[in-house]
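1. Sequence below, structure please.
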Amino acid sequence: MLYNSYIFLFLFLPVTLFGFHFLTKFGHYKLTLSWLVAASLFFYGWWNPVYIALLIGSAIFNYTIGYLLLVRSNKIFLYFGIIGNLVTLGYFKYANFFVDNINFFFNNNIILEQIILPLGISFFTFQQITFLVDTHLGKTKDFNFLQYCLFVTFFPQLISGPIVHHKQMMPQFAKKSLNILKLENLAAGFTTFTIGLFKKVFLADNIAVFATPTFDAASYGFGLTFFEAWGASLAYAFQLYFDFSGYSDMALGLGLMFGIALPFNFLSPFKAKNISEFWRCWHISLSTLIRDYLYYPISLLLTRYAVNKKAGTISLFTLSMVIPTIFAFFWMGLWHGAGWNFVLFGLVQAIYITIYNIWVKLINIIPQEKRIKKNNITDFISQTITFVAILFSFVIFRAENVGVAKDIIFSMLGFNGVEFSDMFRIGVFGAKPKIGIFWILFSIFIVNFLPNSKEFILSKSKIFIKHGDVISNVINKKITWKPSFFWGIVFVIMLTLSLMSFSNTSEFLYFQF
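-> Numbering: from 1, shown residues only. Here you go, the predicted structure:
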C-alpha cells in the first residue's frame, strides 16, 4: 500500500489510528500491540499477500535465533542466523543477477524464472541481522515475541526504512511508554507527514517528468546533448532527493501519530560540504549500519595486522582506511540493487571518501595559522564540489547499465560537443524545457534555503527530545513551525496540491531496493 494513495490516507490510516488509541486508552496493552502488528501485515500484504508468509517466517526465524543467543550466546547460532538471512535475501534479490552473469561470462544458457523482489526485504533483513549481532554482544537483554513482531513489521518503517535498532524501538513499545492520544503528537506528526507527501507527489513526481524520458532515451541509444545530459542528471538528483526525503518525513510523521519516535534518516545531504558529511546525512540508518557492522570491524582487524607487522605510514593508511572503505561501499552499492551500475556507484563513493581522507590528512599537516580560513565563499565552493561529485555518481546509480552511464557522463563532460543553441532542449523527450528549468531552479532554492523537517518541526518535539535524537543547535531558526492559523492554511494548501497530484501517483524509488 502506498502512502500517497486515497485508500491509505482516508481509510487505512484513520482506522489504524483510531483502533490504536482506543485500545491504548482502555489499557489493553497486548491487544494494542496485536492491532498494530495486524495492521502492519495488512499494509504489507496489500501489495502481494503471498509475501506476508515470508515476513512472518523471517520474524519467527530471527526471534528463535535471538532467543537461543539470549539463553546461550554461541557464535554458531549467530552464524546460522546471519547465513539464513543472507541466503534468503540473496535468493530473492540476487539470484537472477547471479545467473545472468554466469550465462554471460561462461556462455551458458541457465534459465531461471524471474523472481519478484519482495518489498522491503533488504530493510527488514538487515534490521534483524543487527538484532542478532546486538543480542550476541549482550546489547539486548529482554524481549517478547509480540514486541519483536512489531519491531519487525511496524508499517511506517517497514518498506523503505529507516533501518531501526532493537534498542531504539523496544523501550517505546513497552507498556509504560504507550500513551493515549496527544494532540501535540498528532499535529506535529500530520504536519511532518504532509511535508513528506508534498515532497513526493508534488515535487519528486513532477520533476521525474524531466528525468525519466531523457534517461530512457539514452538507454535506447539516443545521443544526449551537453545540456540535456546535465538537465536529466539534475532532475533525477532532485527527484531522488525529494522522493526519499518525502518518504523519510512521512515515516517520521506516521510514527509520531502513534507516539513513536523513529530515527532520522535524511538531513539535508545536498547542503553537505564534503562527501563524508553527505553520507552522514543521506540514508543515515544504512550508513550507520555499514559503518558500525562492516567498516569498523574490518578496519580494526586490518589495523591490528598492520601494527603487528610494523607497517609504514602508507601501508597503515591503506589497510586501516582504504581497504575497509572499499569493502564497505562495495556492499553498500550492492545493497541498493542487483546490477553492476550499483556496484560501480559504491566503488565511486569509496574513491570519493578515500580522496577526502587523503585531503584531510594533507590539510592537517599545514599549521593552523597558515590554513585558508573558512567563510561563505569556501563553504559554497566545498558544497558545489561535493554536489557535482554526487551528481555524476547518481548518473551511474540511475542509468540502465554502465554503458549508458558512460555515455551520459561523456555528454556531461562535453565530449559530444557543446552547442548553446541546444540549451532549451533540456527535457526534450516528452517535456517542456523551460518548465523543466523552472523545476530545477525551484528545487535548488528549496534544498539550499529552506529548513528540513528536523529543523522545522521535530527539534521541539518532546518525544524526540526524550529519545535523544535531536540536534541541540537548530540551523535555521527563522522558519520554524508551531500550531497556528497561518501554518494551518499553509499546510491545507500543501495537502490540497498533493491530493490533486494523486492522479500521477507512483511508487517510491527506494521500493525497488
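
2. In the chain, what helix or strand scores lowest on average pLDDT?
-> helix 462-466 (a mean of 62; mean pLDDT, DSSP states H and E).

3. Distance from the chain centre to the helix or strand hosting Ser498, please.
-> For Ser498, the host element (DSSP states H and E) is helix 485-500. Computed by CA atoms, centre = their mean, to the nearest Å, the separation of helix 485-500 from the middle of its chain amounts to 26 Å.

4. residues near Ile351, how many?
-> Look at Ile351: counted by other CB atoms under 10 Å, it has 16 neighbours. Where C-beta positions appear, they are placed from N, C-alpha and C, glycine not excepted.

5. I should have written Leu68 there, sorry.
-> 18.

6. ditto for Pro118
-> 22.

7. Same check on Ser506?
-> 15.

8. can you check Ser5 too?
-> 15.

9. for Thr313, same thing?
-> So Thr313, with other CB under 10 Å, has 8 neighbours.

10. try Lys176
-> 7.

11. ok, now His165?
-> 20.

12. what ranges of the stretch 351-500 of the chain fall below the confidence cut-off?
-> Applying pLDDT under 70 to the stretch 351-500 of the chain picks out residues 421-431, 459-480.

13. how about the helices in it?
-> Under the criterion DSSP state H, counting those that start in this stretch, the stretch 351-500 of the chain contains helices at 376-398, 402-412, 433-449, 453-456, 462-466, 485-500.

14. And the stretch 101-250 of the chain, by the same measure?
-> 121-136, 145-153, 166-173, 183-197, 205-208, 212-219, 226-257.

15. Need the ones you listed in CSV (columns: distance to Trp340 and mean neighbour count).
-> Below are the helices of the stretch 101-250 of the chain laid out as CSV (distance: least, CB to CB, whole Å; neighbours: other CB atoms under 10 Å):
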stretch, distance to Trp340, mean neighbour count
helix 121-136, 18, 22
helix 145-153, 31, 21
helix 166-173, 34, 18
helix 183-197, 32, 22
helix 205-208, 24, 22
helix 212-219, 15, 20
helix 226-257, 19, 26
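
16. which stretch among those helices comes nearest Ala39?
-> helix 145-153 (9.1 Å; CB to CB).

17. The closest one - contacts with which helices or strands?
-> On a contact count with 3 or more CB pairs under 8 Å, 6 or more residues apart in numbering; DSSP states H and E, helix 145-153 meets helix 29-45, helix 52-71, helix 121-136, helix 166-173.

18. could you redo the last one with a cut-off of 6 Å?
-> If you count contacts as 3 or more CB pairs under 6 Å, 6 or more residues apart in numbering; DSSP states H and E, helix 145-153 packs onto helix 29-45, helix 52-71, helix 166-173.

19. Give me the mean pLDDT for the longest one.
-> Going back to what we said before, that points to helix 52-71. Mean pLDDT, helix 52-71: 93.

20. What are the buried residues along that helix?
-> 52, 54-56, 58-59, 61-63, 65-70 (16 or more other CB atoms under 10 Å).

21. what does it contact?
-> 41, 44-45, 77, 81, 118, 128, 132, 135-136, 145, 148-149, 152 (CB atoms under 6 Å, 6 or more residues apart in numbering).

22. what angle separates it from helix 145-153?
-> Here helix 52-71 points in a direction 120 degrees away from that of helix 145-153 (axes from the mean of the first three to the mean of the last three CA atoms, to 10 degrees).

23. and helix 52-71 with helix 166-173, angle?
-> Going by the same axes, to 10 degrees, helix 52-71 makes 100 degrees with helix 166-173.

24. In CSV, please show the C-alpha coordinates belonging to helix 52-71.
-> Presented in CSV, the C-alpha positions along helix 52-71 are these (Å, rounded to 0.1, in the frame of the first residue of the first chain):
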residue,chain,number,x,y,z
ILE,A,52,3.2,-12.0,4.2
ALA,A,53,4.3,-15.6,4.9
LEU,A,54,7.9,-14.6,4.1
LEU,A,55,7.8,-11.6,6.5
ILE,A,56,6.2,-13.7,9.3
GLY,A,57,8.6,-16.6,8.7
SER,A,58,11.6,-14.2,8.8
ALA,A,59,10.4,-12.8,12.1
ILE,A,60,9.8,-16.3,13.7
PHE,A,61,13.2,-17.5,12.5
ASN,A,62,15.1,-14.5,13.8
TYR,A,63,13.2,-14.4,17.1
THR,A,64,14.1,-18.0,17.6
ILE,A,65,17.8,-17.4,16.9
GLY,A,66,17.7,-14.3,19.1
TYR,A,67,16.2,-16.3,22.0
LEU,A,68,18.8,-19.0,21.6
LEU,A,69,21.5,-16.3,21.7
LEU,A,70,20.0,-14.8,24.7
VAL,A,71,19.9,-18.1,26.6
